[in-house]
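**Student:** Here is my input, please return the structure:
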Amino acid sequence: MAQDRIYRCGNEYTNNAAVAKSRNCTVIDGGNITVIEGPRPAATPNRPAGSSGSGASERSGGERIDSASQRARDSDARAILEGELRRAEARLAEARAAYANGEPEKQGIEGRNHQRYLDRVAELKAAVTRAEADVAGLQRELGRLGGQPGGR
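**Tutor:** Numbers count the residues shown, from 1 in each chain. Sure, this is the predicted structure:
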């Protein structure tokens with residue numbers, strides 16, 4: 001199928017010669033052109049600057065949380081982090097005990113297959129490293145909460 005002449009008017013394209021002539025558009029020579037128009041942005045009512053329209057951000061931007069509520073939230077967050085830290089420290093202690101300073105006892109077939117033993121030792125070392133990183137991360141998070149009183 002042949003197309004009419006296509007004219008380029010800035011960032012717009014048209015095949016209407018009258019519109020093209022009134023806008024001083026240039027003729028596009030060459031192959032066929034397909035232009036797919038994207039969705040137009042929906043018209044939005046005027047909003048104050050900084051408001052995104054979601055309920056949470058409107059609440060946080062519009063009203064202040066009283067200090068007692070904020071202290072309670074901070075206390076809850078600290079208690080959760082402290083609980084996570086205790087669990088992470090327990091996992092670290094278990095991982096260190098299983099790793100046994102890089103010399104855990106051989107299990108089953110590992111007596112005859114030294115590579116399997118070395119693979120298990122490497123996995124145990126990786127578990128210790130992950131557990132140490134978890135503990136350090138939780139301690140950093142608790143440090144960010146500042147000098148608030150805690151259960152530890």
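
**Student:** in the chain, which spans are strands?
**Tutor:** 6-9, 12-14, 26-28 (DSSP state E).

**Student:** for these, which one ends up most surrounded?
**Tutor:** strand 6-9 (a mean of 17; mean count of other Cβ atoms under 10 Å). In this view, the C-beta of every residue, glycine as well, is placed from N, C-alpha and C.

**Student:** picking up where we left off before, got the strands of the chain as JSON lines, with distance to E132 and mean pLDDT columns?
**Tutor:** Shown next, in JSON lines, are the strands of the chain (distance: least, Cβ to Cβ, whole Å; pLDDT from 0 to 100):
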{"stretch": "strand 6-9", "distance to E132": "62", "mean pLDDT": "86"}
{"stretch": "strand 12-14", "distance to E132": "60", "mean pLDDT": "84"}
{"stretch": "strand 26-28", "distance to E132": "64", "mean pLDDT": "88"}
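
**Student:** for those strands, which one sits closest to A95?
**Tutor:** Ranking the strands of the chain by proximity to A95 (Cβ to Cβ) places strand 12-14 first, at 64.3 Å.

**Student:** Could you save the strands of the chain as CSV and add columns showing distance to R144?
**Tutor:** As requested, the strands of the chain are exported to CSV (distance: least, Cβ to Cβ, whole Å):
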stretch, distance to R144
strand 6-9, 56
strand 12-14, 52
strand 26-28, 59
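
**Student:** What is the least confident helix or strand in this protein?
**Tutor:** helix 55-62 (a mean of 50; mean pLDDT, DSSP states H and E).

**Student:** if we can go back for a sec, of all the strands of the chain, which lies closest to R140?
**Tutor:** strand 12-14 (53.9 Å).

**Student:** which residues does the residue with the largest distance to the centre of the chain contact?
**Tutor:** No residue in the chain sits farther from the centre than A18, which is 51.6 Å out by Cα atoms, centre = their mean. Contact analysis of A18 by Cβ atoms under 8 Å, 6 or more residues apart in numbering lists nothing.

**Student:** Quickly note the distance from it to E82.
**Tutor:** 75 Å (Cβ to Cβ, to the nearest Å).
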